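> Here's my sequence, what's the structure:
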Amino acid sequence: MLATGTYGKSDCNQRMKLSKLGILTIIGPGILVAATGVGAGDLATGAFAGGRLGVAILWAVLVGALLKFVINEGLARWQLVTGETLVEGAISRCGSVARWFFLAYLALWSFLVGAALMSACGVAGHAIFPIQDASTDKIIYGIGHSLAALLLVRLGGYRLFEKVMACCIGLMFVVVVMTAVALQPPWADVLRGLFVPTIPNFQATDIQWTIALIGGVGGTLTVLCYGYWIREEGRQGIDWIVPCRIDLAVAYGMTALFGIAMVIIGNELGDIDNKKGASLVVMIADRLEQVLGAAGPTARVAFLIGSWGAFFSSLLGVWQSVPYLFADVWSQIRETPTRDRPVVDQRAWPYQMYLFAIATLPAIGLFIDFKQIQKLYAFVGALCIPLLAVVLLYLNGRTALVGRFRNSWLTQILLAGALVFFVIVGTMSVWK
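Here you go, the predicted model:
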């Protein structure tokens, strides 16, 4: 039954309880979104864009964070109003075609992203503590990080996962932001770049990098996992809409600040060689050592450790959260969906099977030249956001489904803008 704002005694008690919550209690699941969404791609895109275009395009980071916030707020609002996850809502109204399409997409995305994250952790591990040559260490460290994440999720459950993620994001956030500050950028230009939208030279390549920067802020398919994390926290009902908005605002504010710091770092280090992911991070660390003089060696190690925190938190976040999606879809195949569906059982075989699969099968990518599938990886990731925008425009745009909590006209415009923008990003990823 649709929640319409009629409150009983339990609802009043919940509102009283919410009024006593502190900000540190509210922002829990949002931190997981920020930690999972920031990885090698965000580091590379920010550094490349900053090196080529400077701080004049910092506004693009804010636009990207805003678009991801609108999408995540929409899926949280849908779940809190209807009691269904967005996956449940979409599949129950679009039928079996949507279900099997989503499963195929999820499997492909999981393999590509899993291989990329293992590779990033492997390269970062070799840079911090080399054992053998780079190629061998990438395999050793990549598989080692994957198995470590598998054990953390299996043995520690959600609470241990939450604590480890908080440590990782704290590490990467502090190190990257402090590095940007230590480089002493022209702060007047930084402020101008944030609030005065411009694209230097306005050439085709510059426009492409600006678009990539907007699209690279935050995660893609992992935004869906916010709904499962708030279920783990016991957040149900419309009284949680505002706290979740605050939670997501803080999360994407941190994500934006991280992106801004990377653009500043790229700008201060100059035009950076076109390397991929974690390899680029190693090069940035080497350049920092040269630029910062006596503090250089310490800065190099600190930046590598902070980057490792970004990579491992993304890997751990994906390992823990993506099996939720498979288990959710599988439960709809086997059972009749109900409004009171419980939190996905992490001990049940659908979750455990997918967790084991995502922690092992993508390791194949460590033994091949992963550049051959980078274009497919970019396209698959870019495809997710326009699909989510379409679903949210449809589900949250109907009063019959969400009542007075339907999309505002501004949200409708932003979702439509996200749809158009990420279609362009997806097209560019294929044709570039």
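> Which of the three states applies to the residue nearest to Val190 when sequence neighbours are not counted?
Using CB to CB, 6 or more residues apart in numbering and skipping the chain neighbours, the partner closest in space to Val190 is Val55 (5.1 Å). Every residue, glycine included, has its C-beta placed from N, CA and C. State at Val55, reduced to three classes by DSSP: H, G, I helix; E, B strand; the rest coil: helix.
> Show me the shaky parts of the stretch 301-432 of the chain.
334-343, 369-379, 381-382, 425-432 (pLDDT under 70).
> where do the helices sit along it?
349-360, 374-395, 399-402, 409-431 (DSSP state H, counting those that start in this stretch).
> Include mean neighbour count when you put these into JSON lines, please.
Shown next, in JSON lines, are the helices of the stretch 301-432 of the chain (neighbours: other CB atoms under 10 Å):
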{"stretch": "helix 349-360", "mean neighbour count": "18"}
{"stretch": "helix 374-395", "mean neighbour count": "20"}
{"stretch": "helix 399-402", "mean neighbour count": "14"}
{"stretch": "helix 409-431", "mean neighbour count": "16"}
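> Output the ones you listed in TSV, with distance to Glu233 appended to each entry.
TSV is the format used below for the helices of the stretch 301-432 of the chain (distance: least, CB to CB, whole Å):
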stretch	distance to Glu233
helix 349-360	18
helix 374-395	22
helix 399-402	22
helix 409-431	24
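> between these, which gets nearest to Trp330?
helix 349-360 (4.4 Å; CB to CB).
> could you say what helices and strands the closest one packs with?
helix 96-128, helix 134-182, helix 296-334 (3 or more CB pairs under 8 Å, 6 or more residues apart in numbering; DSSP states H and E).
> who does the longest one touch, helix- and strand-wise?
Helices and strands touching helix 134-182, as assessed by 3+ CB pairs under 8 Å, 6+ apart, comprise helix 28-37, helix 96-128, helix 241-269, helix 296-334, helix 349-360.
> and with 10 Å instead?
helix 28-37, helix 40-53, helix 96-128, helix 226-232, helix 241-269, helix 277-291, helix 296-334, helix 349-360 (3 or more CB pairs under 10 Å, 6 or more residues apart in numbering; DSSP states H and E).
> now the next helix or strand after it against helix 134-182, angle please.
Later in the chain than helix 134-182, the nearest helix or strand by DSSP states H and E is helix 187-195. Taking axes from the mean of the first three to the mean of the last three CA atoms, to 10 degrees, one finds helix 187-195 and helix 134-182 inclined to each other by 110 degrees.
> Show me the contact partners of helix 187-195.
Helix 187-195 is contacted by residues 50, 53-62, 180-181, 185-186, 198, 256, 260, 263-264, 267 when judged by CB atoms under 10 Å, 6 or more residues apart in numbering.
> Take the helices and strands packed on helix 134-182 and lay them out in CSV including distance to Ile140.
As requested, those are exported to CSV (distance: least, CB to CB, whole Å):
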stretch, distance to Ile140
helix 28-37, 24
helix 40-53, 18
helix 96-128, 7
helix 226-232, 31
helix 241-269, 28
helix 277-291, 14
helix 296-334, 15
helix 349-360, 15
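> returning to what we had before: give me the number of residues near the residue nearest to Val190?
Using other CB atoms under 10 Å, Val55 is surrounded by 23 other residues.
> Return the residues in contact with it.
Val55 touches 185-194, 260, 263-264, 266-268, counting by CB under 10 Å, 6+ apart.
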